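Undergrad: sequence plus predicted model, see below.
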Protein chains: 2
Amino acid sequence: MKFISISYFLLLATFLHAQVGVDSVMLKRIFDEELTQGQCHTNLRELCKGYGKRLTGSPGAAGAVEWSFEKMKSYGFDTAYKQEVMVPHWVRGKAEKASYKVGNTINPIQVGLCALGGSIGGSATGEVIEVKSFGELRALGKEKVKGKIVFFNRPMDDTKINTFEAYGGAVNQRGRGAIEAGYLGAIGVIVRSMSVGVNPYPHTGAMHYNDTVTKITSCAISTLDAENLSKDLKAYPNLIFSYTIDCKTLPDTLSHNVICEIKGSERPEEIIVIGGHLDAWDMAEGAHDDGSGVVQSMEVLRLFKQLGIRPKHTIRCVFFMNEENGLKGGLKYAEVAKAKKEKHIIALESDEGGFTPRGFSMSAHGDTLANFLNYKSLFHIYNMDDFREGGGGSDIGPLENQGCVMMSLTPDMQRYFDFHHAATDTFEGVNKRELEMGAAGMAGMIYLIDKYGL
Amino acid sequence: MKFISISYFLLLATFLHAQVGVDSVMLKRIFDEELTQGQCHTNLRELCKGYGKRLTGSPGAAGAVEWSFEKMKSYGFDTAYKQEVMVPHWVRGKAEKASYKVGNTINPIQVGLCALGGSIGGSATGEVIEVKSFGELRALGKEKVKGKIVFFNRPMDDTKINTFEAYGGAVNQRGRGAIEAGYLGAIGVIVRSMSVGVNPYPHTGAMHYNDTVTKITSCAISTLDAENLSKDLKAYPNLIFSYTIDCKTLPDTLSHNVICEIKGSERPEEIIVIGGHLDAWDMAEGAHDDGSGVVQSMEVLRLFKQLGIRPKHTIRCVFFMNEENGLKGGLKYAEVAKAKKEKHIIALESDEGGFTPRGFSMSAHGDTLANFLNYKSLFHIYNMDDFREGGGGSDIGPLENQGCVMMSLTPDMQRYFDFHHAATDTFEGVNKRELEMGAAGMAGMIYLIDKYGL
């Protein structure tokens, strides 16, 4: 019996060792294919240059949907289809200008400014109240705020190594600033852009109103202009700031998630989702946010097909619409999945930019987490073995309460907020190898999850 | 006794725990200072924009020496001085052109081309022999090579995740191509640039002759032009390629290493060196190679001074001259160190670009290596805990046989060969936060080594 046990364990050990060997060979095949024949960078160029400014409802978004659908069909996956979803339709308009004068100077100081997504259009001219927090604003009270423009100027904390944490620590000014300021009778809001350091680019992003407070216009200025305005306010506290934006919200409109898949050979009813979002802010081309994520996701399926990997589970790639200002695509996708009683076992989102991948994060526990962490060693030679608990993404989030495990690709995050929602987010800012490394890593991870389950 | 032992170990554990706490606090102070008040990015801009094309012997190099010396003095370190060193003086000249015609076309195809550093000037016009290796060339023999231009077209292996390994697998074509081709009677050499993927930028770099083979001109063309030329040679094997370069080597000239230091408070005679190289190829501004390394090195001393860290050992920062085409600065520095019987305990070089730092490598064994690896946990929250055996750098290499431990900063390496020795290596390619993260990490590591020894 003892003899049998030892033999058994030796056999098992040999088998496991051989499996690791097989898996590392397959991962190398995936990376080799991607780093020499990868198509995601070319696809990103087509998407960005052909369909920039693809905010929900725009011609860019509509064009991107068709481009995506045709591209998916061209790869000959088992399925490619569009999923209807009604989405918000906010348009920036043309005029965006701002200026102020200091002292007896003749020429006004011109300020680069952009409307925040969702803002009403209009103009505001008045004195400026600078604050760093809602608490500070509330303490000033209606008396001091009424009739003024509120300037939210709390920077992202550059000492945070995790730049997403720094973003999280500042972004409520953008999202809720108009509500807080409007409640106190302000006539407008300017927000310091969500960006690291000091640079001349205004960054847009979503803002919100509620039904109980009068809506006021809300805009962003660059971190550089915010620094300068703050200095000028110290010298000239009563300076008059003036701006105009002519954005507006049109009726909701029809758009689509775009979906393709390779059917599972053993468990086709169990679905592994990979995705990113197809829509992007209207300041540039949405290359890092999130053109990179969608082309990487589609590349996973291309790699499977090219390398003849026939998955056990159905691998589905979803280009979600409307992550930026409504999340309607993600919500619709989860709603349909629930109605169809689809079983999603795991969803992997890439929406943190096309930078060198550092690893993955996963919202799992127990054996599932242990299995995941076991894969670390396979990714070590690709320098992407930073595996952490966590995971998720806006678009896949609505699947979580259907029992779907959340996972995200975690690229290096030091440059992300140089590009995020700004005119700088163009194709040229995405490095080919870095993008490909992410796509290959995602394909490798999906290969392992499909093979061994969760 | 047992009681005492346990108490002792508890005390020791508490002490060690407290030390780790103290160290992590100090590392955070260093990173916070650098990420909010860092000066290395501004310094890099001054160096690159004021003194680009600073190849040894050039006005750019002479200007960079003076800029460095004045900058070091302005920081008020304990010492700042220049160390004389005779260096090679190769100049590119102005005319660099190349073209060839295919079939009956009227317009010649223009090829971007640059002389390799050290090449003689001249022209060559003739048929092209394309090879991938010296073995392939030798097998062709004198009969087939004589009177021809040899085209070395073995790419860097894009499947290698370590791009420096890929470089190492291709660079002998650049370094020794003219010797191998000249020996067989070739009239010139064109080398596929040392770069990843396919791009339109020629990359220069050092090449060598020896005394037994007739010298022939040697140039680089971009990877894109190399791909195109290779295709055209398949269709038109007898096409005539023509190029001119008018570079030349002038007599050796006087230049300098530039050095500053903070004297050690306890062991001033034991020296910790940090450095990079001040010279750079003449295609652009030498921002990643190696402007980043020198400004990061000087920043370590600035951080020590700014934060009031008084080191036990002498911390010396060296801007080495002539890494690119002779290594005379590194050799001179080691020669002087030996003559003065200086004791260098460790040298840390940053010469792999100003990208997000991933960790460090160190050429140590036994307890020294174990101590080094123990610091990993302190660097985890900075995402730079990829610590490996290895280490070193060209400039500090000559110190190794004086018992000096070698260490290098290891940044992410996926983008490096987009910039290396090409017109793309400008200040704009270096991200401020990524550069600062490297400087802070270096300062943190030097702080620990100085505090605990090796």
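TA: The structure has been received and is ready for your questions.

Undergrad: tell me the contacts of A:Glu352?
TA: A:Phe164, A:Ser408, A:Leu409, A:Thr410, A:Pro411, A:Met413, A:Tyr416 (Cβ atoms under 8 Å, 6 or more residues apart in numbering or on different chains). Glycine gets a C-beta too; all of them are placed from N, C-alpha and C.

Undergrad: where's it relative to A:Gly197, distance?
TA: According to Cβ to Cβ, to the nearest Å, A:Glu352 and A:Gly197 sit 19 Å apart.

Undergrad: picking up where we left off before, out of the contacts of A:Glu352, which is nearest to A:Arg310?
TA: A:Leu409 (23.5 Å; Cβ to Cβ).

Undergrad: what about the closest residue to the closest one other than its chain neighbours, neighbour count?
TA: Leaving out its chain neighbours, the residue that sits closest to A:Leu409 by Cβ to Cβ, 6 or more residues apart in numbering or on different chains is A:Ser350, at 4.4 Å. By other Cβ atoms under 10 Å in any protein chain shown, 30 other residues sit near A:Ser350.

Undergrad: in the stretch 101-250 of chain A, which spans are helices?
TA: Listed in chain order, the helices of the stretch 101-250 of chain A (DSSP state H, counting those that start in this stretch) span A:134-145, A:163-168, A:172-183, A:223-235.

Undergrad: ugh, typo on my part, it should be the stretch 251-400 of chain A
TA: Going by DSSP H, counting those that start in this stretch, the stretch 251-400 of chain A shows helices at A:292-306, A:328-339, A:366-374, A:376-379.

Undergrad: how about the ones you listed in JSON lines, adding distance to chain B, mean neighbour count and mean pLDDT?
TA: Listed next are the helices of the stretch 251-400 of chain A as JSON lines, based on distance: least, Cβ to the nearest Cβ, whole Å; neighbours: other Cβ atoms under 10 Å in any protein chain shown; pLDDT from 0 to 100:
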{"stretch": "helix A:292-306", "distance to chain B": "14", "mean neighbour count": "27", "mean pLDDT": "98"}
{"stretch": "helix A:328-339", "distance to chain B": "28", "mean neighbour count": "19", "mean pLDDT": "98"}
{"stretch": "helix A:366-374", "distance to chain B": "16", "mean neighbour count": "14", "mean pLDDT": "93"}
{"stretch": "helix A:376-379", "distance to chain B": "11", "mean neighbour count": "16", "mean pLDDT": "97"}
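
Undergrad: want to throw the ones you listed into a markdown table with distance to A:Cys48?
TA: Shown next, in a markdown table, are those (distance: least, Cβ to Cβ, whole Å):
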| stretch | distance to A:Cys48 |
| --- | --- |
| helix A:292-306 | 9 |
| helix A:328-339 | 19 |
| helix A:366-374 | 32 |
| helix A:376-379 | 28 |
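
Undergrad: picking up where we left off before, against A:Tyr382, how distant is the residue nearest to A:Leu409?
TA: For A:Ser350, the distance to A:Tyr382 equals 16 Å [Cβ to Cβ].

Undergrad: got the contact list for stretch A:32-46?
TA: Counting contacts by Cβ under 8 Å, 6+ apart, the residues outside stretch A:32-46 that touch it are A:67, A:71, A:287, A:291-292, A:295-296, A:298-299, A:302-303, A:306-307, A:354, A:427, A:430, A:432-433, A:435-437, A:439-440, A:443, B:158-159.

Undergrad: just the CA trace of it, in PDB.
TA: Provided in PDB are the C-alpha atoms of stretch A:32-46 (Å, rounded to 0.1, in the frame of the first residue of the first chain):
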ATOM      1  CA  ASP A  32       6.000  34.600 -29.400                       C
ATOM      2  CA  GLU A  33       3.100  34.800 -31.700                       C
ATOM      3  CA  GLU A  34       1.900  38.100 -30.200                       C
ATOM      4  CA  LEU A  35       5.400  39.800 -30.100                       C
ATOM      5  CA  THR A  36       6.100  38.800 -33.700                       C
ATOM      6  CA  GLN A  37       2.700  38.700 -35.500                       C
ATOM      7  CA  GLY A  38       0.500  40.700 -33.100                       C
ATOM      8  CA  GLN A  39      -2.300  42.600 -34.700                       C
ATOM      9  CA  CYS A  40      -3.600  44.600 -31.800                       C
ATOM     10  CA  HIS A  41      -1.400  47.600 -32.400                       C
ATOM     11  CA  THR A  42      -2.500  47.800 -36.000                       C
ATOM     12  CA  ASN A  43      -6.100  47.400 -34.900                       C
ATOM     13  CA  LEU A  44      -5.600  50.200 -32.300                       C
ATOM     14  CA  ARG A  45      -4.400  52.500 -35.000                       C
ATOM     15  CA  GLU A  46      -7.400  51.800 -37.200                       C
END
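
Undergrad: for that stretch, the averaged confidence score.
TA: Taken as a whole, stretch A:32-46 has a mean pLDDT of 98.
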